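Q: Quick one: sequence and predicted model below, then my questions.
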Amino acid sequence: MLAGFQAGNELTIEVTIAPSAPTTQPTQVVALSAKDATPNFALVQDGNQLEFVLKLTHLGITSEPRLTLGPIESGTARHVVVTHSKSGVTTGYIDGKKVAEAVTRPGDFSAWASQSLVF
């Protein structure tokens, strides 16, 4: 899976979530992550906010831009999609509606480590 991500340097994450309550600390909903390591990507619930974090490398500098998708309600199922294009555009959708978009500097996934898909 890692080689596929690194070859394309783009991704789409699609999940349906129904949080039971706001979280008291940032909690990964779905991630490519390992214990005690920075995730390659993570869809995170922080309180009642949903965020997407993506590890990118550009000119040898690794950063983790964060895209806030907005609030989510407890007990309500939501269809969430996040895309990242190799041109550096990250877009978030909730229930088919675009809720966030950020243009980051172009980057790649070369600093990604072999991690497990966690959900």
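A: It's in. All of these numbers come straight from a predicted model, not from anything done at the bench.

Q: measure the residue nearest to residue 76 when sequence neighbours are not counted to residue 75 for me?
A: Using Cβ to Cβ, 6 or more residues apart in numbering and skipping the chain neighbours, the partner closest in space to residue 76 is residue 18 (6.4 Å). Quick note: C-beta positions are derived from backbone N, CA and C, even for glycine. Note on residue 18: its distance to residue 75, by Cβ to Cβ, to the nearest Å, is 7 Å.

Q: Give me the more crowded residue out of the two.
A: More crowded of residue 18 and residue 75, by other Cβ atoms under 10 Å: residue 18, with 11 against 8.

Q: so residue 30 bridges to which residues?
A: Residues in a beta bridge with residue 30, per DSSP bridges, are residue 43.

Q: And stretch 92-100, what's buried?
A: Burial within stretch 92-100, assessed by neighbour count using 16 or more other Cβ atoms under 10 Å, is assigned to 92-94, 99-100.

Q: how far does it stretch from start to finish?
A: Using Cα to Cα, to the nearest Å, the gap from the first to the last residue of stretch 92-100 comes to 5 Å.

Q: what residues are up against the residue nearest to residue 76?
A: Taking Cβ atoms under 8 Å, 6 or more residues apart in numbering, we find residue 18 in contact with 75-78.

Q: Which helix or strand contains residue 5?
A: Assessed by DSSP states H and E, residue 5 sits inside helix 2-8.

Q: what is the rounded mean pLDDT of that helix?
A: Helix 2-8 carries an average pLDDT of 88.

Q: Are there helices or strands packed against the helix or strand just after that helix, and which ones?
A: Next helix or strand after helix 2-8 toward the C-terminus (DSSP H and E): strand 11-17. When contacts are defined as 3 or more Cβ pairs under 8 Å, 6 or more residues apart in numbering; DSSP states H and E, strand 11-17 packs onto strand 27-33, strand 41-46, strand 78-84.

Q: buried sites along the second one?
A: It stands for strand 41-46. Buried, per 16+ other Cβ under 10 Å, within strand 41-46: 41-45.

Q: Dump the C-alpha coordinates for the helix or strand just after it into CSV.
A: Toward the C-terminus, strand 41-46 is succeeded by strand 49-54 as the next helix or strand (DSSP H and E). Output in CSV follows, covering the C-alpha atoms of strand 49-54 (Å, rounded to 0.1, in the frame of the first residue of the first chain):
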residue,chain,number,x,y,z
GLN,A,49,-14.5,19.3,15.0
LEU,A,50,-13.3,17.1,12.2
GLU,A,51,-9.8,17.6,10.8
PHE,A,52,-7.5,16.0,8.2
VAL,A,53,-3.7,15.9,8.7
LEU,A,54,-1.3,14.9,5.9
